[in-house]
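> From the sequence below, what's the structure:
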Amino acid sequence: MARISKYQTINTAFASAVTWNAGLYIRLSREDGDKLESESVGTQRAILERFIDEHPAISLYDYYIDDGWSGTDFDRPAFQRMMADITTKKINCVIVKDLSRFGRNYVEAGKYLETVFPLFKIRFISVNDMIDGEENPSSINNIIVPFKNIINDEYCRDISMKVRSALDIRRKQGKFIGSFAGYGYKKDPNDHNKLIIDHPAAEIVRMIYGMFISGNSIIGITRELNRRKIPNPSAHKKLRVGNGLWVDSTIRRILTNELYIGNLVQKKNEVISYKIHVAKAVERNNRIMVENTHEPIITKDDFYKVQSLLKRDTRITKSEGKLSVFAGFIKCADCGRAMQKRTVKQSDKVYEYYLCSTYKKHRLCTKHAIRAEVLEEAVLTFLNKYIKFAVDFEKFSEKVNSVRINSERNKRLNSLITAKIQETDKANKILLEIYPDFKSGLIGKEQYLALKGKYENLILENEKEISRLREEIRSVEVKDYTKEFVLTFKKYEGIQKLTRDIVIELIDNIMVHANGDIEVRLKCRDVLNFATELFEKAISEIKDKNQSA
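Have a look, this model is predicted:
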């Protein structure tokens, strides 16, 4: 596509013996300030065309324009097309407006100017920098060239740092920075840095959480959404064509995303550097999280229930197609591993029982077998006992002076602090005694280091617990202290059948012993123990008064 300038005249005195077929390279990106007319594509084109018009020996072969591409690397479509034309000898001259248009990567720019172009005998011209490898060979080897490339590189680094800093500031302000809102939300049309609920998608999110809490597995939820032909997040946003099928990883992302309780967690990924445009995951403690930035879809109670459930060892029963009532909660009291549910058919009856998974897989423990109906009945009886106690305690606490209750509670906490202090003093004493034994050779180095580590960790843990107990004395009143326990249990008054929701809310773990004994560990057992002690003490005092009267 060679052309002859209308200004071109034949002058044999100055005509070059070499025919220069030029590629005009033009680049522009937002980092270069695309609002500046001096850097626009049109302006660059005009400058380069005028240069060719003024140099009769150079013919225009083609334009190579990378509009919207960063100069920090050379993996640009038009630049690569130009390199292909260089290797096939279609062009032997490259002209740019200035070195910054060529590239802003000091190392890569130097490689092309000093190695690649000379190898292919390419004449390189930078108009504004007055560089011409043919008419003035020293201009391209001048120390000014790498110096300018360094400045261009530094400019890009500086801009990158400023952009990152500005984005982080906005993230810390709780502003949403992203191209698309997370599933269940959309950008506020009046403020694109704020999220509002996308109600159709939000209903699906609530359904996913509800299904998981009620015992459905992630695989089960995925299958159900696909069975109902509900569009997945990508299809919902119409980002791509396809059947919009849900996958397990999408469900898990939704179940673990704090976005749904009103928190913005941003900067989950970032590019490695301004020169390497590859994203890497940011460690959780380095991400930017701001709470309560938008309306939640899921309650915090439900969200944290789900997080706890995700950590448990759960299995789906084939017969039910969903998690059993105790899945993830029932464990062997001896080895601590999960118990597995099994089904046995005898005649017309079906029996379900739980078995230690360690025994089943490795025969390293004992069976710890227990019938499912026996377990359910025992746990239901146990929970009803404490539900009744919660109701009785509420009536009792209304009659007892709150100052007295606080005093009892603080007395109990202070006794725990005293015990921890005594334990810490004993550990410190042992540390002082084992060092002389080590120096004298009574104990070996490995034994000394093991004992030293053990007691130092014990001291550290005790100090943390003492600090926590002292803070507890200073902070919470007893009404708040016992309120959670009372309200949590009281609402299940009169239950006749266990559901997974009840187990999730009230129970931490169920331990099955080899002799068939069952130990139910409740979630709020610290508060429960305190309430029980207080209640029993008050009853005892009442009896003493009645007897003395």
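> Where does residue 294 fall, secondary structure wise?
Using DSSP states H and E, residue 294 falls within no helix or strand.
> contacting residues for it?
Residue 294 is in contact with 176, 185, 194-196, 262, 264, counting by C-beta atoms under 8 Å, 6 or more residues apart in numbering. (C-beta placed from N, C-alpha, C; glycine too.)
> Out of the residues you listed, the closest to residue 521 would be?
Proximity to residue 521 was ranked across those by C-beta to C-beta; first place goes to residue 262, at 31.3 Å.
> Could you double-check that the closest one lies in contact with residue 299?
No: counting by C-beta atoms under 8 Å, residue 262 stays clear of residue 299, with 10.1 Å between them.
> So for those two, which residue has more residues nearby?
residue 262 (18 against 13; other C-beta atoms under 10 Å).
> what number of residues lie near residue 352?
17.
> What are the structural domain limits within the protein?
20-158, 185-310 (automatic domain parsing).
> what mean pLDDT does the first one have?
In this case it means domain 20-158. Mean pLDDT, computed over domain 20-158, is 85.
> mind starting the numbering at 27 from now?
All right, first residue 27 from here; so that's domain 46-184.
> Just give me how far it sits from the chain centre.
Put simply, domain 46-184 sits 42 Å off its chain's centre (C-alpha atoms, centre = their mean, to the nearest Å).
> now swap in the last one and tell me
A distance of 11 Å separates the C-alpha centroid of domain 211-336 from that of its chain, computed with C-alpha atoms, centre = their mean.
> mean confidence score for that domain?
Taken as a whole, domain 211-336 carries a mean pLDDT of 85.
> Next, the distance between the ends of that domain.
Domain 211-336 has an end-to-end distance of 24 Å (C-alpha to C-alpha, to the nearest Å).
> ok so, going back, dump the domains of the chain into a markdown table; add distance to residue 454 as well.
Converted to a markdown table, the domains of the chain look like this (distance: least, C-beta to C-beta, whole Å):
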| stretch | distance to residue 454 |
| --- | --- |
| domain 46-184 | 52 |
| domain 211-336 | 32 |
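> most tightly surrounded among those?
Between those, domain 46-184 has the highest mean count of neighbours, a mean of 18, where neighbours are mean count of other C-beta atoms under 10 Å.
> who touches stretch 238-250?
With contact meaning C-beta under 8 Å, 6+ apart, stretch 238-250 is reached by 234, 237, 272-274, 276-278, 281, 328, 331-332, 335, 340, 342, 347-351, 353, 526-527, 530.
> again, 10 Å this time
Around stretch 238-250, the neighbours that count as contacts under C-beta atoms under 10 Å, 6 or more residues apart in numbering are 233-237, 256, 258, 271-278, 280-281, 328, 331-332, 335-336, 340-343, 346-351, 353-354, 525-527, 529-531.
> taking those one by one, which sit in helices?
Among the contacts of stretch 238-250, the members falling in helices (DSSP state H) are 233-237, 274-278, 280-281, 328, 331-332, 335-336, 526-527, 529-531.
> Go through this protein and flag its longest helix.
Secondary structure of the chain per DSSP H: the longest helix is helix 428-466.
> so what does it touch, helix or strand wise?
When contacts are defined as 3 or more C-beta pairs under 10 Å, 6 or more residues apart in numbering; DSSP states H and E, helix 428-466 sits against helix 471-501, helix 504-516, helix 551-574.
> need the contact list for residue 89.
Residue 89 neighbours (C-beta under 10 Å, 6+ apart): 27, 49-52, 67, 70-71, 74-75, 104, 108.
> secondary structure class for it?
strand (DSSP: H, G, I helix; E, B strand; the rest coil).
> Specify the beta-bridge partners of it.
For residue 89, the beta-bridge partners under DSSP bridges are residue 50.
> That one and residue 152: what is the separation?
Separation of residue 89 from residue 152 (C-beta to C-beta, to the nearest Å): 17 Å.
> what does residue 325 give?
Distance from residue 325 to residue 152, by C-beta to C-beta: 62 Å.
> Repeat that for residue 80.
From residue 80 to residue 152 the distance is 15 Å (C-beta to C-beta).
> Residue 158 against residue 83, yeah?
No: applying C-beta atoms under 10 Å, one finds residue 158 not in contact with residue 83, separated by 11.5 Å.
> Give me the common contacts of the two.
Common neighbours of residue 158 and residue 83, using C-beta under 10 Å, 6+ apart, are residue 119.
> just to revisit the earlier point, what angle do the longest helix of the chain and helix 471-501 make?
Helix 428-466 and helix 471-501 are oriented at 160 degrees to each other (axes from the mean of the first three to the mean of the last three C-alpha atoms, to 10 degrees).
> residue ranges of the helices in the stretch 177-326 of the chain, please?
Secondary structure of the stretch 177-326 of the chain (DSSP state H, counting those that start in this stretch): helices at 225-239, 244-253, 259-262, 274-281, 326-336.
> What is the three-state secondary structure of residue 101?
Per three-state DSSP, residue 101 ends up coil.
> now it: how far from residue 202?
In this view, residue 101 and residue 202 are 30 Å apart by C-beta to C-beta.
> before we move on, what about residue 193?
11 Å.
> tell me, what's touching the two both at once?
residue 292.
> Between these two, tell me which one has more neighbours.
For residue 193 versus residue 202, neighbours defined as other C-beta under 10 Å are more numerous around residue 202 (22 against 16).
> Okay, that one and residue 497: tell me how far apart.
Counting by C-beta to C-beta, the gap from residue 202 to residue 497 is 35 Å.
> now residue 558
Distance from residue 558 to residue 497, by C-beta to C-beta: 23 Å.
> the more surrounded of those two?
More crowded of residue 558 and residue 497, by other C-beta under 10 Å: residue 558, with 14 against 10.
> before we move on, which element is the closest residue to that one other than its chain neighbours in?
Distance criterion C-beta to C-beta, 6 or more residues apart in numbering; nearest residue to residue 558, sequence neighbours excluded, is residue 415 at 7.4 Å. Element membership for residue 415 (DSSP H and E) is helix 398-425.
> Off-centre distance for that helix?
Centroid separation between helix 398-425 and its chain, computed with C-alpha atoms, centre = their mean, is 39 Å.
> Over to stretch 442-458?
40 Å.
> if you average pLDDT over that stretch, what comes out?
Across stretch 442-458, pLDDT averages out at 89.
> who's in contact with it?
So stretch 442-458 is contacted by 477-478, 480-496, 498-499 (C-beta under 10 Å, 6+ apart).
> Drop anything exposed from these.
477, 481, 484-485, 488, 491-492, 495, 498 (16 or more other C-beta atoms under 10 Å).
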